[in-house]
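Student: give me coordinates for this.
(chains A and B)
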Amino acid sequence: GQQVMQIPQYQHVQEGEDFTTYCNSSTTLSNIQWYKQRPGGHPVFLIQLVKSGEVKKQKRLTFQFGEAKKNSSLHITATQTTDVGTYFCAGMRDDKIIFGKGTRLHILP
Amino acid sequence: DTAVSQTPKYLVTQMGNDKSIKCEQNLGHDTMYWYKQDSKKFLKIMFSYNNKELIINETVPNRFSPKSPDKAHLNLHINSLELGDSAVYFCASSHLNGYTFGSGTRLTVV
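Tutor: Numbering: from 1, shown residues only, chains lettered A, B, ... in the order given. Below is the predicted model:
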């Protein structure tokens, strides 16, 4: 069945360092979405990528969708304490969405 | 003017009890979902309804029964609660771009 693998599961970084989480699908996706869940909160939609090779930026966050539309990444430049949380990718195929298991980001002051 | 609201926020109950969680969305979305998030933060789809009709029913014990009286509401009823049902349950709705999640119901079965 369709799977969406996300790595790493956990990441500790010093404040100011960069952070990247990766998402890989076993099948070609129609689009990929990214969500952020703060501790104690609920997942919040960040962005959707649709086109092959697409790159989108939101301030310090850069999202990429691979050429084959099977992988994606989220890169945060110069992390801040407000970036703490769990980042989920979610791949869409045939109107069905599969969430990755998330990457939990801890920021060390 | 909360987009997706679910109640209650916290629910503590004894094993064997029956409980319900309610969800309402005012976004006009056609599709609503229930997700279960365990202690490891894994989000697992339980049910999906499109315009009041069940379209996804993942491997979930039949003690869980969703009910959608109209496309703005999707409630979840759980019979004979077990310890393993303890988790955070999220309601969500979607249209074309992205899901909107409710704030979650933290269910603790003791």
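Student: now for chain A, the helix or strand with the poorest mean pLDDT.
Tutor: Of the helices and strands making up chain A, the lowest-confidence element is strand A:96-99, at a mean of 89, by mean pLDDT, DSSP states H and E.
Student: that one - contacts with which helices or strands?
Tutor: strand A:85-93, strand B:43-50 (3 or more CB pairs under 8 Å, 6 or more residues apart in numbering or on different chains; DSSP states H and E). No exception for glycine: its C-beta is placed from N, CA and C like everyone else's.
Student: okay if I get the ones you listed as TSV plus mean pLDDT?
Tutor: Converted to TSV, the helices and strands packed on strand A:96-99 look like this (pLDDT from 0 to 100):
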stretch	mean pLDDT
strand A:85-93	95
strand B:43-50	91
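Student: would CSV of those with distance to A:Ser52 and mean neighbour count be doable?
Tutor: Converted to CSV, those look like this (distance: least, CB to CB, whole Å; neighbours: other CB atoms under 10 Å in any protein chain shown):
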stretch, distance to A:Ser52, mean neighbour count
strand A:85-93, 14, 24
strand B:43-50, 26, 20
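Student: now render the ones you listed as a markdown table, adding distance to B:Asp70.
Tutor: A markdown table is the format used below for those (distance: least, CB to CB, whole Å):
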| stretch | distance to B:Asp70 |
| --- | --- |
| strand A:85-93 | 26 |
| strand B:43-50 | 10 |
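Student: what's the closest of these to A:Cys23?
Tutor: Set against A:Cys23 and scored by CB to CB, those come closest in strand A:85-93, at 3.5 Å.
Student: OK, contacts around the residue in chain B that chain A sits nearest to?
Tutor: As assessed by CB to the nearest CB, chain A sits closest to B:Gly98 within chain B, at 3.6 Å. Each residue near B:Gly98 by CB atoms under 8 Å, 6 or more residues apart in numbering or on different chains is listed here: A:Gln33, A:Phe45, A:Gln48.
Student: please name the nearest non-neighbouring residue to it.
Tutor: In this structure, B:Gly98 finds its nearest non-sequential neighbour in A:Phe45, 3.6 Å apart by CB to CB, 6 or more residues apart in numbering or on different chains.
Student: A:Tyr87 is in contact with that neighbour, correct?
Tutor: No: counting by CB atoms under 8 Å, A:Phe45 stays clear of A:Tyr87, with 12.0 Å between them.
Student: okay, and the common contacts of the two?
Tutor: Common contacts of A:Phe45 and A:Tyr87 (CB under 8 Å, 6+ apart): A:Trp34, A:Tyr35.
Student: what parts of chain A come near chain B?
Tutor: Within chain A, the positions near chain B by CB under 8 Å from any CB of the partner chain are A:33, A:35, A:37, A:41-45, A:48, A:86, A:88, A:90, A:96-97, A:99, A:101-102, A:104.
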